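> for reference, the sequence and a predicted model appear below.
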There are 2 protein chains.
Amino acid sequence: MTASAHPHCPLCTDDGGLLLHRNALLRVVRVTDTPAHPAFYRVIVNAHVAEFSQLASPERADVMDAVVAVEQVLLRELAPAKVNLASLGNVVPHLHWHVIARFADDAQFPAPIWAPAVRERDTTALQARLPALDAAVRAALVR
Amino acid sequence: MTASAHPHCPLCTDDGGLLLHRNALLRVVRVTDTPAHPAFYRVIVNAHVAEFSQLASPERADVMDAVVAVEQVLLRELAPAKVNLASLGNVVPHLHWHVIARFADDAQFPAPIWAPAVRERDTTALQARLPALDAAVRAALVR
């Protein structure tokens, strides 16, 4: 926690997923509690800031560069139907970007992952690729 | 339509909402077909590109500057509970950013707007503010 941390904010008190990269501004984690969407990463700003526009322009650029780096790894490694990006924060108003690989046969496609599921998908094969995917994400971020 | 336009893409053949601003790279529209969420704008890249990372870095910065400009207007004019940003494009894979003012009493809050509605809200008062809000969005974008 930093001096600006909020003691009741889960993204101030916890990494918010499997930590893959951290610098002074942000960290990148893989989300581990959405079994229907295993290839789901988050770029989380370390400071407790709610809205993207509250960051200064250079910080916004650095955050989006991290989002783009993760997106490019997902596109290259998984060839998903689409990558979805979102900064919502209604439940946890601490700035974080969702970066999610979507597939034509996933639980909600083409609807957003927050819509009701329309099918079940066996994600075993995708889960088996996560260690290599995590390594590729780490490598992209240290560049 | 530009030379790169796709004849069957609705964002190549149509503005995609009430047009408020357009430049060589992008346009900004207000979304008019989501009555539960009247304060809903989109920043749409003019070229038929699917993924954010397919834009060059200066273009990404310009797109996010437009997203931020709209977000700042929503925060200043409406004091929403949160602004939601998303680039999904599963149905229409032509790069566009949703910029949505969310309110504690709106149809899905705190869930994303793509989740099932949990309540009805009378949006009459918010709708009445849209002309002034549109004018503020236009003014922010020509700066």
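Here it is on my side, so go on.

> close enough to count as contact, A:Arg19 and A:Val29?
Wrong residue type there; residue A:19 is Leu, not Arg. Yes. Counting by CB atoms under 8 Å, A:Val29 is a contact partner of A:Leu19 at 5.4 Å. The C-beta positions use only the backbone N, C-alpha and C, and glycine is treated the same way.

> with neighbour numbers in mind, choose between these two.
More crowded of A:Leu19 and A:Val29, by other CB atoms under 10 Å in any protein chain shown: A:Val29, with 23 against 13.

> what bridges to the more buried one?
Beta-bridge partners of A:Val29, counted by DSSP bridges, are A:Leu19, A:Arg42.

> against B:Ala69, how distant is it?
29 Å (CB to CB, to the nearest Å).

> same thing with A:Arg42?
Distance from A:Arg42 to B:Ala69, by CB to CB: 25 Å.

> list the contacts for A:Leu141?
A:20-21, A:28, A:66, A:69-70 (CB atoms under 8 Å, 6 or more residues apart in numbering or on different chains).

> just among those, which is most surrounded?
A:Val70 (30 neighbours).

> against chain B, how distant is the spatially most central residue of chain A?
Central residue of chain A (CA atoms, centre = their mean): A:Arg42, 1.8 Å from the mean position. From A:Arg42 across to chain B, the span is 14 Å (CB to the nearest CB, to the nearest Å).

> do the same with A:Ala79
12 Å.

> can you list the weak-confidence ranges in chain A?
A:1-3 (pLDDT under 70).

> which ones are touching the residue lying closest to A:Val91 once chain neighbours are set aside?
What sits nearest to A:Val91 in space, not counting adjacent residues and going by CB to CB, 6 or more residues apart in numbering or on different chains, is B:Pro110, at 4.9 Å. Going by CB under 8 Å, 6+ apart, B:Pro110 touches A:90-91, B:81-82, B:102, B:104.

> helices or strands up against the biggest helix by length in chain A?
Across chain A, the longest stretch assigned as helix under DSSP state H is helix A:57-78. Packing partners of helix A:57-78 (3 or more CB pairs under 8 Å, 6 or more residues apart in numbering or on different chains; DSSP states H and E): strand A:26-30, strand A:40-45, strand A:82-87, strand A:96-102, helix A:130-142, helix B:57-78.

> right, and these - which one's nearest B:Ala139?
Across these, B:Ala139 has its closest neighbour in helix B:57-78 (8.3 Å, CB to CB).

> what's the angle between the closest one and helix B:130-142?
Put simply, helix B:57-78 runs at 150 degrees to helix B:130-142, going by axes from the mean of the first three to the mean of the last three CA atoms, to 10 degrees.

> quick one on the thing from earlier: buried stuff in the longest helix of chain A?
A:59-75, A:77-78 (16 or more other CB atoms under 10 Å in any protein chain shown).

> and for the residue lying closest to A:Ala36 once chain neighbours are set aside, the neighbour number?
What sits nearest to A:Ala36 in space, not counting adjacent residues and going by CB to CB, 6+ apart, is A:Ala107, at 4.2 Å. Residues lying near A:Ala107 (other CB under 10 Å) number 20.

> torsion angles phi and psi at A:Ala107?
Main-chain torsions, A:Ala107, degrees, to the nearest 10: phi -60, psi -30.

> pretty sure it sits against A:His37.
Yes. A:Ala107 lies in contact with A:His37 (CB under 8 Å); the separation is 7.4 Å.

> joint contacts of these two?
A:Ile113.

> hmm, back to that, contacting residues around the residue nearest to A:Ala36?
A:36-37, A:113, A:117-121.

> can I get the buried part of these as one PyMOL selection?
In PyMOL syntax, the buried subset of the contacts of A:Ala107 is picked out as below (16+ other CB under 10 Å):
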select buried, chain A and resi 37+113+121
